[in-house]
Each structure stands twice: as C-alpha cells, then as structure tokens.
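> Quick one: sequence plus predicted model below, questions after.
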Amino acid sequence: MLRKKYYLYLDNQEYSILLKSLVALKNKLIQQERFADCVDELIMKVIAAPVNYI
C-alpha cells in the first residue's frame, strides 16, 4: 500500500512559526522526560524540504 503524500505551502513567516513550534514541543517533551526522537526527525524533514518560489 502506498502512503498518501501531503504538501504544505508556507510563506517565510509560517515556516518560522512551524519550526519554533516544533522546537518548543521538543523542549516540552524533554522536560517531561519523554522521547523527542520523532520531533527531531520532523524538524529535519522540514529543514531539508525543497523550496519552490512562485
């Protein structure tokens, strides 16, 4: 079964808010002594995502 792909189209402000929110979530999970590996992977995917200018 193929996974369905989703695409996000973000401007610079939305991109910045997304990254800051993910980092805040990661910090919150670390404070609660929970695993934050999945958030780390998502942050890396967001940073490595290709940028398309319209």
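Yep, that arrived.
> next SSE after the longest helix anywhere in the chain?
In the chain, taking DSSP state H as the definition, the longest helix is helix 12-31. Downstream of helix 12-31, the next assigned helix or strand under DSSP states H and E is helix 37-48.
> which parts of that following helix are buried?
For helix 37-48, burial by neighbour count (16 or more other CB atoms under 10 Å) applies to 39, 43. Quick note: C-beta positions are derived from backbone N, CA and C, even for glycine.
> can you give me the angle it makes with helix 12-31?
160 degrees (axes from the mean of the first three to the mean of the last three CA atoms, to 10 degrees).
> mind checking how far helix 37-48 is from the chain centre?
Between the centre of helix 37-48 and the centre of its chain there are 5 Å (CA atoms, centre = their mean, to the nearest Å).
> Equivalent analysis for stretch 32-49, please.
Offset of stretch 32-49 from its chain centre (CA atoms, centre = their mean): 7 Å.
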